[in-house]
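In: based on what follows, work out the 3D shape:
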Amino acid sequence: MIRFAASQYAIELIEQWDDYAAHLDAHVAEAAAAGAQLVLLPEYAAMTLTGQLPAAQRSDLAASIAGMQALLPRWQALCEQIARRHRIWFCPGSAPVLDDDGCYRNRAFLFGPDGLLGHQDKQIMTRFEREEWNIAGGRDGLRVFDTPLGTLAILICYDTEFPMLARRLAEAGVDLLLAPSCTDTEAGYHRVRIGSQARALENQMPVLVSATAGLAPWSPSVDVNFGRAALYVPADRGMPANGVLCESEAVFTEQSRWLIGQIDAKAVAAVRREGQVALYRDWPEQFDMHVHPAP
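Out: Coordinates of the predicted model:
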């Protein structure tokens with residue numbers, strides 16, 4: 001049984017490092033106090049760091065991304081300290097990271113009680129990321145993380161909308177898929193929700209979503225945020241009929257809040273053997289189909 005906390009995370013203007021560090025530690029401490037073993041923050045949660053840049057720099061998209069790079073090593077160290085202190089597995093969401101090839105990549109990190117386990121880059125970029133942010137797709141493929149909680153993997157936001165990514169992870173033995181998300185419209189939120197529910201259904205595997213929330217008019221990158229934290233499961237025997245184990249109450253909120261729950265990933269996996277349908281088993285059959293022209 002995994003006790004989890006997924007944040008519906010408000011992007012606040014925090015202008016000093018010490019205030020930011022206290023804010024992040026207090027937010028995670030709230031989840032740890034509720035017994036969470038696994039703590040998830042959303043895609044681009046690290047953009048909160050740009051509040052520490054001069055106003056002219058943080059209000060410029062390219063300049064804010066470039067300027068925050070100097071803060072990322074300190075941010076990673078802080079996240080590692082928080083994971084160690086609270087003895088949790090902690091994904092603090094993602095950040096645009098400048099790689100050695102001169103490209104920015106949307107990168108999520110996973111920390112455990114003993115330090116950094118690794119990172120996962122977003123594989124497929126949205127139009128905004130490609131055409132305005134100049135963020136490149138991941139170059140190292142998909143990764144799995146073996147932990148005492150089970151085998152975890154991360155698909156960042158838009159990646160949940162592409163079936164073969166989750167399928168590869170399911171075939172690699174992933175027990176729980178983490179989906180940090182950042183969407184600026186209700187339509188975007190629903191795309192991620194529908195995609196996450198579809199991946200849970202197809203692979204008979206739980207998907208945990210964390211989302212950004214509220215308004216941040218000072219930021220050109222995460223200024224408007226709609227989304228819900230949620231845990232999706234296959235709609236099958238022993239699971240909720242609608243496939244929603246739990247979700248936060250509102251799509252839009254100005255305050256950070258936690259979705260706290262627990263999931264028996266092994267019980268979800270048992271649905272593959274004992275469910276009313278066998279989607280995971282039957283998946284390969286679709287590739288044998290041929291389209292015949294009408295007579």
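
In: now do the helices in the stretch 101-250 of the chain.
Out: Counting by DSSP state H, counting those that start in this stretch, one finds helices in the stretch 101-250 of the chain at the ranges 127-128, 163-171, 186-203.

In: and the end-to-end length of stretch 272-284?
Out: Between the start and the finish of stretch 272-284 there is a gap of 14 Å, counting by C-alpha to C-alpha, to the nearest Å.

In: my error: substitute stretch 58-73 in the last question.
Out: Start-to-end, stretch 58-73 (C-alpha to C-alpha) is 19 Å.

In: so His86 touches His27, yeah?
Out: No - applying C-beta atoms under 8 Å as the test, His86 and His27 come out as separate, 11.3 Å apart. In short, each C-beta sits where N, CA and C put it, glycine included.

In: quick one on the thing from earlier: out of the helices of the stretch 101-250 of the chain, which one sits most buried?
Out: Each of the helices of the stretch 101-250 of the chain was given a mean neighbour count from mean count of other C-beta atoms under 10 Å, and the largest, a mean of 20, is that of helix 186-203.

In: how about the helices of the stretch 101-250 of the chain in CSV, adding mean pLDDT and distance to Gly115?
Out: Supplementary listing: the helices of the stretch 101-250 of the chain in CSV, determined by pLDDT from 0 to 100; distance: least, C-beta to C-beta, whole Å:
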stretch, mean pLDDT, distance to Gly115
helix 127-128, 91, 33
helix 163-171, 97, 23
helix 186-203, 96, 29
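
In: of all those helices, which one comes closest to Phe4?
Out: For the helices of the stretch 101-250 of the chain, the distance to Phe4 is smallest for helix 186-203, at 14.5 Å, taking C-beta to C-beta.

In: what packs against the closest one?
Out: In terms of contact count using 3 or more C-beta pairs under 8 Å, 6 or more residues apart in numbering; DSSP states H and E, helix 186-203 is assigned the packing partners helix 163-171, strand 176-181, strand 207-215, strand 230-232, helix 279-282.

In: for that helix, what is the distance to the chain centroid?
Out: In terms of C-alpha atoms, centre = their mean, to the nearest Å, the centre of helix 186-203 is set 13 Å apart from its chain centre.

In: could you give the angle of that helix to strand 176-181?
Out: With axes from the mean of the first three to the mean of the last three C-alpha atoms, to 10 degrees applied, the angle from helix 186-203 to strand 176-181 works out at 170 degrees.

In: how many residues are close by Ala29?
Out: Close neighbours of Ala29, defined as other C-beta atoms under 10 Å, add up to 13.

In: rewinding a little: export the helices of the stretch 101-250 of the chain to TSV and tack on distance to Ala153?
Out: As requested, the helices of the stretch 101-250 of the chain are arranged in TSV below (distance: least, C-beta to C-beta, whole Å):
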stretch	distance to Ala153
helix 127-128	24
helix 163-171	4
helix 186-203	11
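
In: from Cys103, how far out is Leu40?
Out: As judged by C-beta to C-beta, to the nearest Å, Leu40 and Cys103 stand 26 Å apart.

In: among those two, which residue is more densely surrounded?
Out: Each of Leu40 and Cys103 has its neighbours counted (other C-beta under 10 Å); Leu40 has more, 30 against 13.

In: any idea what the more buried one is bridged to?
Out: According to DSSP bridges, the residues that bridge with Leu40 are Ala6, Cys91.

In: which residues are in contact with the residue nearest the centre of the chain?
Out: Centrality entry for the chain: nearest residue to the mean C-alpha point is Pro180, 1.3 Å, by C-alpha atoms, centre = their mean. Contacts for Pro180 were tallied using C-beta atoms under 8 Å, 6 or more residues apart in numbering; they are 40-43, 45, 91, 93-94, 108, 154, 156-157, 209-210.

In: go again using 7 Å as the cut-off
Out: With contacts taken as C-beta atoms under 7 Å, 6 or more residues apart in numbering, Pro180 has the following neighbours: Leu40, Leu41, Pro42, Glu43, Cys91, Gly93, Ser94, Ala108, Ile156, Cys157, Ser210.
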